[in-house]
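# sequence? don't have it. structure:
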Ligand code: PEP
Ligand code: MG
């Protein structure tokens, strides 16, 4: 959305607002298509809320170990930032590196760390209180020095101590990082990194675009941004260097480019790109009512993924014939307590009713990986993440089977909502048959309890299916197909686990390749097992949302896709422009390749 003063600001930045700053172009990772122009909005960190102040003597060791963990985590974050500086021009590295070094030093055997430790031990205060008090005390002394003749250097050091104190407290309290409340309408949100729960707070009517220094193409932050339809570029190194709030910035989420302080000629070209994108969207919108059938009359199911309630109207307009993946995490994010059965049932029911008879596939909570949820931590339902490897830990179904009460409440809520329309239940992060069996026992128990209470329960029960998103699940697809009533292939995690590439990590984003032969074989294996066992199979990972992949996926035998709402018309267009014969020929060619580059050529050249 554009604010009234939007274009005015753009021209002001080079004229009335002081001497023009040079145009700067950066390249990052395209995360959500679309071009946006607007003033930079740098997120304001909310003040850290410290709820735990005093501790008992018996808690000293536990508190010291929390402090050590937060120090370690802060060091890791800063080292990561420092490593990424290597891609910047030398003069920019020269500006930022000393600052990061100063921060890192403060996390070593510094006065701040020593002081914080002694406060925990001697004054019996929590680690966050100790850090805050010590940082303020040191900064206070430095500021007092800064006030006299020596001046600036001490003041800067005081600010550095406060900054590192805030980082430590943030890591100790896991406070939500961002506040977007005071952003100017039509701004471009710029940040070092955005967590999925931060992205979930973005109002697309207010924030025109997003650019960050960190993040990968299929991380959950990118997925949420696509869900919201906010043009975004992630992982643009050097973005924050010298950037000032209010400067004009152009981001192109299709190309992955960021332009800071555009010259008038660049601004004109960018405005044209904004208009062209809007026209293309309008053209695709006209496909809404047309069926998703190939030129040789094969019908394909196109459904939408839902991660936030605000997407419902977009899904209704997209032409999707159901929800192929409802990521229920949204209900648990950005709140202090776990949602109860009634809240969940109401929320699912609203989705089911809005879909007016089209099926809704509700995935039970997939906690873990990058999806940190404060309410679960606060309730003591999840372990401390910091030192473990969260992607390989207690994620998805693993956590739910450890905390069966969570699963029971959610399944009950889903079954209650199922009275309003067709529903399917989806289990995340399954790796073995025993997990599906255990979940099914709970499912039946919950259904029986509901029946006993006199509540209506659909008969037969809504199908219980699984995400195939680990190589282990894909390779044991035959055994799993005997237990699960449907498969949903999660290519995002499948690619991450198959190739050992973190899906949200900028540094290895170039290795994250859904066209890797290993990925294609895992998909093929899964589809064939589903077909042998006659169970439905769909793809709901981001691969399904890329129309360039549609022919290949059709050629692999897939006939059901679930994507973000704005991708539905694009994928429909790809379906309507091809024949299954041609897709099979493409797939046959592709499966013979060993070189992913050649595979990319074949896929890109299809139909041309
Ligand atoms: C996937 O892994 O492909 C998937 C759809 O699940 P999520 O992105 O929520 O992990
Ligand atoms: Mg997944």
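Great, that's in hand. Owing to the predicted nature of the structure, the values given are computational and were not obtained by experimental measurement. Residues are numbered from 1 along each chain as shown. Ligands and ions are numbered 1, 2, ... in the order given.
# the closest residue to residue 369 other than its chain neighbours: what secondary structure?
Leaving aside its chain neighbours, residue 369 sits nearest to residue 391 (4.8 Å; criterion: Cβ to Cβ, 6 or more residues apart in numbering). C-beta: built from backbone N, CA, C; applies to glycine. Three-state assignment for residue 391 (DSSP: H, G, I helix; E, B strand; the rest coil): helix.
# who touches residue 391 in this structure?
Residue 391 is in contact with 368, 369, 496, 497, 502, counting by Cβ atoms under 8 Å, 6 or more residues apart in numbering.
# got CSV for those residues, with distance to ligand 1, neighbour count and secondary structure too?
Below are these laid out as CSV (distance: Cβ to the nearest ligand atom, whole Å; neighbours: other Cβ atoms under 10 Å; DSSP: H, G, I helix; E, B strand; the rest coil):
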residue, distance to ligand 1, neighbour count, secondary structure
368, 9, 24, strand
369, 7, 24, coil
496, 8, 25, helix
497, 9, 22, helix
502, 12, 18, coil
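# out of those, which one has the weakest pLDDT?
In terms of pLDDT, the lowest of those is residue 369, showing 75.
# show me what contacts that one?
Residue 369 makes contact with 220, 390, 391, 395, 493, according to Cβ under 8 Å, 6+ apart.
# what about the residue in the stretch 1-150 of the chain positioned nearest to ligand 1, neighbour count?
Closest residue of the stretch 1-150 of the chain to ligand 1, Cβ to the nearest ligand atom: residue 31 (13.6 Å). Using other Cβ atoms under 10 Å, residue 31 is surrounded by 28 other residues.
# now swap in residue 517 and tell me
16.
# thought residue 354 was touching residue 309, still the case?
No. Assessed by Cβ atoms under 8 Å, residue 309 is found out of contact with residue 354, at 9.6 Å.
# between those two, tell me which one has more neighbours.
Ranked by neighbour count (other Cβ under 10 Å), residue 309 and residue 354 place residue 354 first, with 18 against 13.
# okay if I get the contacts of residue 369 as a markdown table plus pLDDT and distance to residue 485?
Converted to a markdown table, the contacts of residue 369 look like this (pLDDT from 0 to 100; distance: Cβ to Cβ, whole Å):
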| residue | pLDDT | distance to residue 485 |
| --- | --- | --- |
| 220 | 83 | 26 |
| 390 | 80 | 29 |
| 391 | 87 | 27 |
| 395 | 90 | 22 |
| 493 | 96 | 21 |
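# which one of those sits closest to ligand 1?
Distances from ligand 1 to the contacts of residue 369, taken by Cβ to the nearest ligand atom, are shortest for residue 493, at 3.4 Å.
# quick one: contacts for the closest one?
By Cβ under 8 Å, 6+ apart, the neighbours of residue 493 are 369, 429, 467, 469, 470, 503, 541.
# among the residues you listed, which are in strands?
residue 467 (DSSP state E).
# from the contacts of residue 493, which one has the minimum pLDDT?
The lowest pLDDT within the contacts of residue 493 belongs to residue 369, which sits at 75.
# quick check: the residue of the stretch 251-400 of the chain nearest ligand 2.
Proximity of the stretch 251-400 of the chain to ligand 2 (Cβ to the ion) peaks at residue 366, 6.2 Å away.
# typo on my end, it should be the stretch 51-200 of the chain
Closest contact between the stretch 51-200 of the chain and ligand 2, by Cβ to the ion, is at residue 196 (12.1 Å).
# give the closest residue to that residue in space, chain neighbours not counted.
Using Cβ to Cβ, 6+ apart, the nearest residue to residue 196 is residue 220, at 3.9 Å.
# tell me how far that neighbour lies from residue 429.
14 Å (Cβ to Cβ, to the nearest Å).
# I'd like to know which elements the longest strand anywhere in the chain is packed against.
In the chain, assigned by DSSP E, the strand with the most residues is strand 35-42. With contacts taken as 3 or more Cβ pairs under 8 Å, 6 or more residues apart in numbering; DSSP states H and E, strand 35-42 sits against helix 6-12, strand 187-191, strand 207-212, strand 248-252, helix 264-285.
# element containing residue 172, please.
Using DSSP states H and E, residue 172 falls within helix 152-173.
# show me what that helix is packed against.
helix 60-84, helix 90-106, helix 111-123, helix 127-146.
# what does the first one rub up against?
Identification of contacts with helix 60-84 by Cβ under 8 Å, 6+ apart yields 55, 97, 100-101, 103-104, 107, 113, 116-117, 120-121, 124, 126-127, 130-131, 164, 167-168, 171-172, 192, 213-214, 237, 384, 386-387, 506-507.
# select only the buried ones of these in ChimeraX?
Filtering the contacts of helix 60-84 down to the buried ones (16 or more other Cβ atoms under 10 Å) takes a single ChimeraX command:
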select :55,103,104,107,113,116,117,120,124,126,127,130,131,164,167,168,171,172,213,214,237,506,507
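# number of residues surrounding the nearest residue to residue 215 once chain neighbours are set aside?
Leaving aside its chain neighbours, residue 215 sits nearest to residue 234 (3.2 Å; criterion: Cβ to Cβ, 6+ apart). Counted by other Cβ under 10 Å, the residues lying close to residue 234 total 30.
# and residue 234, how far from ligand 2?
Distance check for residue 234 against ligand 2: by Cβ to the ion, to the nearest Å, it reads 18 Å.
# residue contacts, that residue?
Neighbour list for residue 234: 28-29, 31, 210-212, 214-217, 219, 221-222, 506 [criterion: Cβ under 8 Å, 6+ apart].
# swap the cut-off to 7 Å and go again
Residues near residue 234 by Cβ atoms under 7 Å, 6 or more residues apart in numbering: 28, 29, 31, 212, 214, 215, 216, 221, 222.
# now it: phi and psi?
phi -110, psi 170 (degrees, to the nearest 10).
# run through who's touching stretch 155-171.
Outside stretch 155-171, the residues touching it (Cβ under 7 Å, 6+ apart) are 45, 48, 70-71, 73-74, 102-103, 106-107, 112, 128, 131-132, 135, 138-139, 142-143, 146, 177.
# number of nearby residues for the closest residue to ligand 2 within the stretch 151-300 of the chain?
Distance from ligand 2 to each residue of the stretch 151-300 of the chain (Cβ to the ion) is smallest for residue 220, at 8.8 Å. Applying other Cβ under 10 Å, we find 24 residues neighbouring residue 220.
# residue 297 now?
Neighbours around residue 297, by other Cβ under 10 Å: 9.
# circling back: list just the nearest of the contacts of residue 493 to residue 557.
Nearest to residue 557 out of the contacts of residue 493 is residue 541 (Cβ to Cβ; 16.3 Å).
# and that closest one, how many neighbours?
Neighbours of residue 541 using other Cβ under 10 Å come to 28.
# which residues touch the nearest residue to it once chain neighbours are set aside?
Once flanking residues are discounted, residue 541 sits nearest to residue 491: 3.0 Å by Cβ to Cβ, 6+ apart. Neighbour list for residue 491: 514, 539, 541, 542, 543 [criterion: Cβ under 7 Å, 6+ apart].
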